[in-house]
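J.: sequence and predicted structure are below.
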Amino acid sequence: MKNNLKRMVGYYKPYLGTFFIDMFFAFMASIVALIIPLTVRYITATLVKMDREYIIDKLIIIGMVLIVLVLIQFFSNFYITNYGHVMGAKIEYDMRAEIFAHYQKLSFSFFDDQKIGQLMSRITSDLFDITELLHHGPENIAISVVKIVGAFVILANISWRLTLAAFVLVPIMFAYAFFLNKKMKRAFKRNRVKIAEINTQIEDNLSGIRVVKSFANEKIENKKFRKGNDGFLDAKKDSYKYMGFYQSGLTAFTMMINVMVIVFGGIMMAKRLVSVPDFMAFLLYINIFTDPIKTLIDFTEQFQNGYSGFERFVEILEIEPDIEDSPNAIKLEKVKGHIVFDDVSFKYKDGAHRVLRHIDLDVPAGSYVALVGSSGGGKTTLCSLIPRFYEVTKGKITIDGLDIRDVKLKSLRDNIGIVQQDVYLFAGTIFDNIKYGRSDATDEEVIEAAKLANAHEFIMSLPDGYHTDIGQRGVKLSGGQKQRISIARVFLKNPPILIFDEATSALDNESENIVKESLEKLAFNRTTFVIAHRLSTIQNAEKILVLTENGIEESGTHEELIKKNGIYAGLYSMK
């Protein structure tokens, strides 16, 4: 906990000026609150005994001083509320940018084990609670300490006997708070987990809403959601039970302090041990003393929320990227595309068996290589190793003689273009999605890429042409149209190495022919890997590799493999 708190405090560093001014005005607002009862005591104990004219003159001066103090308090509270909140928002901005940038560094293996809703929860609701703590926490503590210490000193100066009677319950109150504090922390941490699970369910449902409706499974989804929602409600009930004991208990303690002061104060007035003005001032200061206790109650709840969120925030930041640039990584330049797999093996972290075993493969620059085989044979995995989406478990992969682990990741991936079966288009326009291939491309280059991908004609037939909004994940376009936009994106990128991952398997015949023509145009004079289920689409490949759990079992052209009458011939006869 100590290290986490130290790390949390570190986020104030860029805003120390604002932070210290915020603390200064918090002190000022507290001091003004302490001065007001003193004026009441002065008026009732001293001023009333003076001449009428003198009293009026003094009251005018006191009134003017109080007005100045009110203005000081107004400006102090304005600064705290305005600039203090802006400071909190900036810290939230920094933390959100940090965790988002960290997400970008993590490899596919991390995201394979995660749920998007939970990752979103850590970057939204968790961060809000953290920054609320970072903004309000220090000023609440500062205001509370000043008021409690200031009130205690003044109360002791008025009557140490009455002060002793008032503070006798304070140690018991703090022991009560400490006990329930630990219970609340555990409860709030459970809340965080439950809300993240609900976010995951919502994200999963909304992303697959078309599947839900096509199967008319709305009731099943509601039932699944109700189960998660019930779990969250139970966790909330648990935390609110402890919070109820906590808040009501401390409120009862503060009321008991007032009761003690009234009873003992009455006895002491009867015995002439305290004057009426002093007793009135004492009551006013007791209220000033109990107010910061209520503030500390709120702070404790805020701390539990914020700190449990920060623990989850740190959990993500402490996950080290398993794929990153080596210290002496060099930039991959002037790539020809000669790729060699040298005794490459690979297995996923959670898998006992190896997905790929001792793969040896030499692909000359500009070659067109097709990968076929049954599902689970490792075709997609093999291609995912080239851009280092996953790290090889054994062996090495080289491009133009350079081990891909010795080159900068960005330069490696800049030289590889990927067209997948499951096309992902971002919400926005067609133009934006094509330009994603190269952010510095001109409008003319974007249009030329679309023409090369056989996409220009259908784009121009749309109401707003290239500026047509395509909806979430390109939902307003057909499968063939989305695929051609993804191909245009790769044309714009213009990489020397291509990977086509079953890019036409989900298309109808007409769309497939158009997309196939685009892919062949794109693949010309580039090193190309094609993963295909439809064997008719790869008959012209220079080399066809048949991949199984045992590795590359067959290799050759379509004609050569048919003559062998082996695995490939069997797959081809089943088409």
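T.: Happy to help now that I have it. Since we're looking at a predicted model, the values are computed, not measured.
J.: can we go C-alpha only for contacts and neighbour counts from here?
T.: Will do.
J.: so where's the stretch 451-575 of the chain uncertain?
T.: Low-confidence segments of the stretch 451-575 of the chain, defined by pLDDT under 70, span residues 503-512, 536, 575.
J.: can you rerun that using 80?
T.: Using pLDDT under 80 as the threshold, the predicted model of the stretch 451-575 of the chain has low-confidence ranges 471-475, 502-523, 532-540, 549-550, 571-575.
J.: which other helices and strands contact the helix or strand containing Pro171?
T.: If you go by DSSP states H and E, Pro171 is part of helix 170-207. When contacts are defined as 3 or more Cα pairs under 8 Å, 6 or more residues apart in numbering; DSSP states H and E, helix 170-207 sits against helix 116-123, helix 218-270, helix 276-317.
J.: could the ones you listed be laid out in TSV, adding mean pLDDT?
T.: Supplementary listing: those in TSV, determined by pLDDT from 0 to 100:
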stretch	mean pLDDT
helix 116-123	77
helix 218-270	82
helix 276-317	80
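J.: model confidence over the helix holding Pro171, on average?
T.: Here helix 170-207 scores 77 as its mean pLDDT.
J.: leaving out sequence neighbours, find the closest residue to Thr39.
T.: With Cα to Cα, 6 or more residues apart in numbering as the measure, Ile62 is the residue that lies nearest to Thr39, at 7.8 Å, once sequence neighbours are left out.
J.: am I right that the one you found falls within a helix?
T.: Yes. Counting by DSSP: H, G, I helix; E, B strand; the rest coil, Ile62 is found in a helix.
J.: count the neighbours of it for me.
T.: With neighbours defined by other Cα atoms under 10 Å, the count for Ile62 comes to 14.
J.: between the helix holding Pro171 and helix 116-123, how many degrees?
T.: 140 degrees (axes from the mean of the first three to the mean of the last three Cα atoms, to 10 degrees).
J.: Asn140 reaches Ile293, doesn't it?
T.: No. The criterion here is Cα atoms under 8 Å, and Asn140 misses it with Ile293 at 10.2 Å.
J.: quick one on the thing from earlier: of all the helices and strands packed on helix 170-207, which one is nearest Asn157?
T.: The minimum distance between Asn157 and the helices and strands packed on helix 170-207 falls on helix 276-317, with 10.1 Å, by Cα to Cα.
J.: avg pLDDT for the helix or strand just after that closest one?
T.: Reading on from helix 276-317 to the C-terminus, the next helix or strand found by DSSP H and E is strand 339-346. Strand 339-346 carries an average pLDDT of 92.
J.: list the helices and strands strand 339-346 packs on?
T.: Here strand 339-346 is seen to pack against strand 356-363, strand 394-399 when contacts are counted using 3+ Cα pairs under 8 Å, 6+ apart.
J.: now the next helix or strand after the longest one and strand 356-363, what's the angle there?
T.: Helices and strands here follow DSSP H and E; after strand 356-363, the next one along the chain is strand 368-372. With the same axes, to 10 degrees applied, the angle from strand 368-372 to strand 356-363 works out at 160 degrees.
J.: Asn454 - that's part of a helix, no?
T.: No. Note on Asn454: no helix contains this position according to three-state DSSP, which reports coil.
J.: confirm for me that it is in contact with Ser518.
T.: Yes. Applying Cα under 8 Å as the test, Asn454 and Ser518 come out as touching, 6.3 Å apart.
J.: count of neighbours near Cys383?
T.: By other Cα under 10 Å, the residues close to Cys383 number 21.
J.: again but with Gly309, I slipped
T.: Other residues within reach of Gly309, judged by other Cα under 10 Å, total 26.
J.: could you find the closest non-adjacent residue to it?
T.: When the adjacent residues along the chain are set aside, Gly309 lies closest to Asp126, with 4.7 Å between them (Cα to Cα, 6+ apart).
J.: over to Ser555?
T.: Spatial nearest neighbour of Ser555, excluding adjacent residues (Cα to Cα, 6+ apart): Leu545 at 4.6 Å.
J.: which other residues reach the helix or strand that contains the one you found?
T.: Under the criterion of DSSP H and E, Leu545 resides in strand 543-548. Residues external to strand 543-548 that are found in contact with it (Cα atoms under 8 Å, 6 or more residues apart in numbering): 368-374, 376-379, 538, 552-558, 567-568.
J.: got the angle between the next helix or strand after it and strand 368-372?
T.: On the C-terminal side of strand 543-548, the closest following helix or strand by DSSP H and E is strand 551-556. With the same axes, to 10 degrees as the criterion, the two stretches strand 551-556 and strand 368-372 enclose an angle of 130 degrees.
J.: where's the residue nearest to Thr39 relative to Leu356, distance?
T.: As judged by Cα to Cα, to the nearest Å, Ile62 and Leu356 stand 86 Å apart.
J.: over to Leu371?
T.: Spatial separation of Leu371 from Leu356 under the definition Cα to Cα is 13 Å.
J.: with adjacent residues omitted, what lies nearest to Lys183?
T.: For Lys183, ignoring the flanking residues on the chain, the nearest one in space by Cα to Cα, 6+ apart is Tyr242 at 6.8 Å.
J.: what about the one you found, neighbour count?
T.: By the criterion of other Cα under 10 Å, Tyr242 has 18 neighbours.
J.: before we move on, what about Lys115?
T.: The number of residues packed around Lys115, counting by other Cα under 10 Å, is 16.
J.: okay, it: pLDDT?
T.: Turning to Lys115, the model gives it a pLDDT of 74.
J.: list the contacts for it?
T.: Contacts were defined as Cα under 8 Å, 6+ apart; by that measure Lys115 touches Thr200.
J.: the same query, at a cut-off of 10 Å, please.
T.: For Lys115, the contact set (Cα atoms under 10 Å, 6 or more residues apart in numbering) comprises 196-197, 199-201, 203-204.
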